[in-house]
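[1] using only what follows, build the 3D model:
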Amino acid sequence: MKLYIKNMVSIRCKMIVKEELTKLGLHYIIVELGEVDIMENISLEQWEEVKAALFLSGLELMDDKRSVLIERIKNTIVEMVHHTNEMVKTNFSDFLSKKLNHDYTYLANLFSEVQGTTIEKFIIAHKVERIKELIIYGELNITEIAWKMNYSSVAHLSNQFKKVTGLSPSHFKQLKNKRRSPIEEIGSRMLPALTADRSGLDSIK
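    Numbers count the residues shown, from 1 in each chain. From the prediction side, this is the model:
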């Protein structure tokens with residue numbers, strides 16, 4: 001049986017889910033971001049037990065199909081941006097459509113309707129947060145970061161970074177207090193400066 005879980009965006013979240021399922025005597029087969037395969041077909045009572053246990057850790061067990069699909073869109077983006085070594089080198093709209101087995105236009109319209117922002121802006125917000133992380137690590141220079149994140153140029157990366165943060169990457173690097181956002185909060189707010197900006201998808205084609 002497959003379970004869909006909201007706000008499950010990190011390795012720590014995976015560990016929490018595994019622990020809670022084990023406590024409840026359930027056996028997981030695969031635990032991915034936002035999705036868990038378990039061996040059992042659980043009863044309504046067990047469903048409520050799982051839901052209550054996850055809620056205490058800030059996670060939410062979902063059964064609404066639209067909510068499940070939105071969360072799958074988010075987790076696909078989070079996985080690609082934060083948990084893989086290289087960005088997708090193809091058009092991300094095609095990648096997302098194939099991954100989730102839905103027409104991209106449908107996915108984009110549903111996401112905008114429910115989230116109040118676009119998939120493009122959600123991707124940009126996460127890419128900028130990942131760039132912050134790479135700058136803080138200090139292992140790569142800005143040219144290497146641009147290549148790793150699949151930007152067409154350093155200028156493209158810098159322009160997009162400044163639209164979101166108000167700072168250039170070099171200015172951000174000089175800050176003593178480098179602010180980052182929790183992954184689960186990224187993209188939850190509208191980004192006015194990015195209205196009508198589709199460069200997020202262009203940069204990962």
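[2] quick check: closest non-adjacent residue to the spatially most central residue of the chain.
    Most central in the chain under C-alpha atoms, centre = their mean is residue 78, positioned 2.4 Å from the mean C-alpha point. Leaving aside its chain neighbours, residue 78 sits nearest to residue 9 (5.2 Å; criterion: C-beta to C-beta, 6 or more residues apart in numbering). From N, CA and C alone the C-beta is placed, and that goes for glycine too.
[3] quick one: that neighbour is in a helix?
    No. Counting by DSSP: H, G, I helix; E, B strand; the rest coil, residue 9 falls outside a helix, being coil.
[4] backbone phi and psi for residue 60, please?
    phi -130, psi 120 (degrees, to the nearest 10).
[5] check contacts around it.
    5, 6, 7, 51, 54 (C-beta atoms under 8 Å, 6 or more residues apart in numbering).
[6] ok, 6 Å please
    Residues near residue 60 by C-beta atoms under 6 Å, 6 or more residues apart in numbering: residue 6.
[7] neighbours of residue 21, just the number please.
    Counted with other C-beta atoms under 10 Å, residues neighbouring residue 21 total 20.
[8] ditto for residue 127
    Considering only other C-beta under 10 Å, residue 127 is surrounded by 26 other residues.
[9] how close does it get to residue 169?
    12 Å (C-beta to C-beta, to the nearest Å).
[10] how near is residue 67 to residue 127?
    Residue 67 is 24 Å from residue 127, by C-beta to C-beta.
[11] could you do residue 167 as well?
    15 Å.
[12] got it, and residue 68?
    Taking C-beta to C-beta, one finds residue 68 at 24 Å from residue 127.
[13] how about residue 106?
    Counting by C-beta to C-beta, the gap from residue 106 to residue 127 is 23 Å.
[14] what's the answer for residue 52, then?
    35 Å.
[15] do the same with residue 113
    23 Å.
[16] re earlier: what number of residues lie near the residue nearest to residue 78?
    24.
[17] just the pLDDT for it.
    Looking at residue 9, its pLDDT is 84.
[18] pretty sure it contacts residue 77?
    No. Using C-beta atoms under 6 Å as the test, residue 9 is too far from residue 77 to be in contact (10.1 Å).
[19] mind saving the C-alpha coords of stretch 50-60 as CSV?
    Output in CSV follows, covering the C-alpha atoms of stretch 50-60 (Å, rounded to 0.1, in the frame of the first residue of the first chain):
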residue,chain,number,x,y,z
VAL,A,50,-0.2,6.9,11.4
LYS,A,51,-1.7,10.3,10.7
ALA,A,52,-1.6,11.3,14.4
ALA,A,53,1.9,10.0,14.9
LEU,A,54,3.2,11.9,11.8
PHE,A,55,1.3,15.1,12.7
LEU,A,56,3.4,15.4,16.0
SER,A,57,6.5,15.6,13.8
GLY,A,58,5.1,18.2,11.5
LEU,A,59,4.2,15.7,8.7
GLU,A,60,0.7,15.2,7.2
